[in-house]
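>>> quick one: sequence plus predicted model below, questions after.
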Amino acid sequence: MSKRNLKGIEYFRIAAAFLVVAIHTSPLASYSATADFIFTRVIARVAVPFFFMATGYFVLGGVNVRRSLKKLLIIYAASAALYLPVNVYAGHLQGWDLLELARQALFEGTFYHLWYLPAAILGLWLTDLLLRRLGEKRAGIAVTVLYALGLLGDSYWGLIENVPGLSALYGGIFALMGYTRNGLFFAPMFFYLGSRLQGGKKRAMGYELVGLIASFAVMLAEALFARSRGWQRHDSMYVFLPFVVYFLFALLMRARGSVRLPLGNFSLLVYILHPAVIIAVRGAARALGLWGPLVENSLGHYIAVCLGSAAASSAILWLWERIKPRRVSDTARAWVEVDLAALKNNARRLSEFAPEGCELMAVLKCDAYGHGAVRSALELNGIGVRAFAVACCAEGVELRRAGVRGLILILGWTPVSEWRTLRRYHLTQCAADAAYARELSGAARGRVDVHVKVDTGMHRLGEDWSHADAVADIYALPNLRVTGMFTHLAVSDSLSESDADFTSEQIRRFFALADELKSRGIDPGALHTQASYGLLNYPDARCAYARAGVALYGVKSDGHDGVRAWPGLTPALSLKARIGLVRELPAGESVGYGREFTTARESRIAVLPIGYGDGVFRCAMHGGAEALVNGKRCPVVARICMDQLCLDVTDAGEVKPGDIATFIGRDGDELISCEEFAAKSGTISNEVLSRLGKRLPRVYR
Ligand SMILES: *Cc1c(COP(=O)(O)O)cnc(C)c1O
């Protein structure tokens, strides 16, 4: 989902912007009416849907829908203000009919090309709403119906023009909206298609290429036919346009690579400014006596407008770079770095490793073990992970609001009074035992999804495995929809004989209960038993899910844990901080609170702005904690404070303020693993990761 990484999409924005300019300048009109029709009314019609689709792809289902809507509103307001003088001059704004103004603002954009902005705002809002309320399939049907209704008011107007009821109906629509090419009938289809591509279903390139060529050919024929029949009331919408844009977008997505230039803003500016540039070009042409080549010649006019728009847009961007408000850089002090490629690779490896029929359930509790739950979930959604687990209701809501799709299982206890939240966000609650299940069913109005938790020996949550009647009763409760049953293993991280026996017994008990339910004619739903170690040490073909947490992040709980398999998992997280001061101290000087450390030699002590408030445990000083500077291990000395700590960098070569120290992760040939960092604080990776401070920015690479 990383925006900067889709080079093809980013560069095509520029082409699309100049295609829009073409629609408004008709570059080939001086040469051939048919060629101009094909260029501006068929080919260039791809541009605006492409922009909608890109926004749908990057924004829908993510955390940024609201922010995007706000940004679009601001741009819209600014553009409307920019064109206000032109409007007044042209006499479009006579009188103050507020209803008429509202109508124009909502559908027509107050100036002829600005319709795009209200259409983007309405379309994005509506598509987001449809997706969240109806789910993907039904939202797809809804946008298709809207688009079909739009077609009849656009290229296919001729078909219904003389059908009495319909033409009256559309008369009403046109009185309100002018066109069907707007945020209601036109835009949602493309926003929706953009969101569909997020799933990242890979198809063969040939398929997409043939799809693009074929759909374009058909669309061209369609356009020429509709034109020859005189059906077109307007020429923005074709049956095959969504296909063309979809295949084009899918092809463009193949070109990966980072883009640093603000191409999105550039194309937006070209879009907004080009009508002003048209006016300017006419003025300049008249003044310079170049009316013939710069205005009358359609191609000369087009090129002049393109160059003028590009120059004006570049100038504004250059200026904006210099005056825009700055925010603190994420890497100014101390930060967590997350390697998304490693995270996704781990997810793929675990999915491949799991037996046939067993799906990865990514455990994202405690902010995805410090990796950032929302971003991790969206990335994993993007590669097809469709099941997630969190610890509590609020974590589930956070993911849903960010647009995460698929199963979200709450592993922990939730007050039954939250049943409404559970339903609203389609969260699946752990039915912690039979009494809890009854209480939840009693409290809820409407069905709540649950997975039944079974206690097979862990004695934490769960109804006892031997209480088959009690468990069977949960399945019969009126306000629960039981879609699964699970248990948790207590010692699956150990390969010792007695622990292996205990684990086997837990698994046996669980499936004995499942069989008992089946024999009573109850479908127990999706069965799952394993967390990371359960999957790695006891892969079990009978499970529908493997709930992987720590392994998903590429680390073991304890570096000494033996595991039967480690399918190419690599750590995704690093912890880094900048060096603040570097002090020279003679031998015999004490440093820090309690004077607990005294220099044994002439030393260089680096002071860093990171402390136990960020998750570098205070006890780590006594555990021999180190950090990497210049690829060398440097000991943490003196007491660790809430926000600061000291490193002895005497042997690390040249060290200066601003240099980076690595507490977890790699620097040169040296590595401090999360397991090592944890061991030196007397704990396990899970605790280290889950206690990384909230204050640390998460930087994704
Ligand atoms: C935390 C948790 C997991 C994930 O555990 P890992 O060992 O990190 O894979 C799985 N299931 C339950 C019930 C959990 O609480």
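Nice, thanks for sending it over. A quick note: this is a predicted structure, and the numbers were derived from the prediction, not measured. Residues are numbered from 1 along each chain as shown.

>>> how about the stretch 501-650 of the chain: which residue is closest to the ligand?
For the stretch 501-650 of the chain and the ligand, the shortest gap (Cβ to the nearest ligand atom) falls at residue 549, measuring 2.4 Å. Backbone N, C-alpha and C define where each C-beta goes, glycine included.

>>> give me the spatial nearest neighbour of that residue, chain neighbours excluded.
residue 363 (3.5 Å; Cβ to Cβ, 6 or more residues apart in numbering).

>>> name the helices or strands packed onto the helix or strand that contains residue 143?
Using DSSP states H and E, the element containing residue 143 is helix 116-152. With contacts taken as 3 or more Cβ pairs under 8 Å, 6 or more residues apart in numbering; DSSP states H and E, helix 116-152 sits against helix 47-59, helix 65-90, helix 187-197.

>>> return the set of buried residues in that helix.
116-128, 130-132, 139-140, 142-143, 146-147, 149-152 (16 or more other Cβ atoms under 10 Å).

>>> what of stretch 35-45?
In stretch 35-45, the ones that count as buried by 16+ other Cβ under 10 Å are 36-45.

>>> any chance of the helices and strands packed on helix 116-152 in JSON lines, plus mean pLDDT and distance to the ligand?
Listed next are the helices and strands packed on helix 116-152 as JSON lines, based on pLDDT from 0 to 100; distance: least, Cβ to the nearest ligand atom, whole Å:
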{"stretch": "helix 47-59", "mean pLDDT": "93", "distance to the ligand": "31"}
{"stretch": "helix 65-90", "mean pLDDT": "89", "distance to the ligand": "30"}
{"stretch": "helix 187-197", "mean pLDDT": "93", "distance to the ligand": "30"}
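
>>> for the lowest-mean-pLDDT helix or strand in the chain, list the C-alpha coordinates in CSV.
Ranked by mean pLDDT, DSSP states H and E, the weakest helix or strand in the chain is helix 98-103, scoring a mean of 79. Output for helix 98-103, consisting of C-alpha atoms alone and laid out as CSV, is shown next (Å, rounded to 0.1, in the frame of the first residue of the first chain):
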residue,chain,number,x,y,z
LEU,A,98,-28.9,29.8,-2.0
LEU,A,99,-30.5,26.6,-3.2
GLU,A,100,-29.0,27.1,-6.7
LEU,A,101,-25.7,27.8,-5.1
ALA,A,102,-25.9,24.6,-3.0
ARG,A,103,-26.9,22.6,-6.1
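
>>> now do that helix: everything it contacts.
Applying Cβ atoms under 8 Å, 6 or more residues apart in numbering, the external contacts of helix 98-103 come out as 176-177.

>>> can you check stretch 57-72 too?
1, 3, 9, 55, 117, 120-121, 124-125, 127-128, 131, 191, 194-195, 197-198, 249, 374, 378, 381, 401-405.

>>> so residue 270 touches residue 21, yeah?
Yes: contact criterion Cβ atoms under 8 Å: residue 270 and residue 21 qualify, at 6.9 Å.

>>> so what sits against both of these two?
residue 309.

>>> state the mean pLDDT of stretch 224-235.
Stretch 224-235 shows a mean pLDDT of 94.

>>> CA-only coordinates of it in PDB, if you can.
C-alpha atoms of stretch 224-235 as PDB (Å, rounded to 0.1, in the frame of the first residue of the first chain):
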ATOM      1  CA  LEU A 224     -18.200   5.700 -32.000                       C
ATOM      2  CA  PHE A 225     -21.500   3.800 -32.200                       C
ATOM      3  CA  ALA A 226     -23.200   5.800 -29.600                       C
ATOM      4  CA  ARG A 227     -22.000   9.000 -31.300                       C
ATOM      5  CA  SER A 228     -23.100   7.900 -34.700                       C
ATOM      6  CA  ARG A 229     -26.600   7.100 -33.300                       C
ATOM      7  CA  GLY A 230     -26.700  10.500 -31.600                       C
ATOM      8  CA  TRP A 231     -27.400   8.900 -28.200                       C
ATOM      9  CA  GLN A 232     -24.900  10.900 -26.300                       C
ATOM     10  CA  ARG A 233     -26.200  13.600 -24.000                       C
ATOM     11  CA  HIS A 234     -22.700  13.700 -22.600                       C
ATOM     12  CA  ASP A 235     -19.700  11.600 -23.400                       C
END
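
>>> now it: buried residues?
Neighbour counts over stretch 224-235 (16+ other Cβ under 10 Å) mark 226-227, 231-233, 235 as buried.

>>> kindly report the same for stretch 272-291.
Neighbour-count burial for stretch 272-291 flags 272-278, 280-282, 285, 290 (criterion: 16+ other Cβ under 10 Å).

>>> same check, this time on stretch 643-663
Residues of stretch 643-663 classed as buried: 643-650, 652, 655, 659-663 (neighbour count, 16+ other Cβ under 10 Å).

>>> could you identify the most distant pair in those?
643 and 650 (23.5 Å; Cβ to Cβ).

>>> among the buried residues of stretch 643-663, which lie within strands?
Those of the buried residues of stretch 643-663 mapping onto strands are 645-648, 660-663, per DSSP state E.

>>> right, and residue 648 touches residue 634 too?
Yes: using Cβ under 8 Å, residue 648 is in contact with residue 634, at 5.8 Å.
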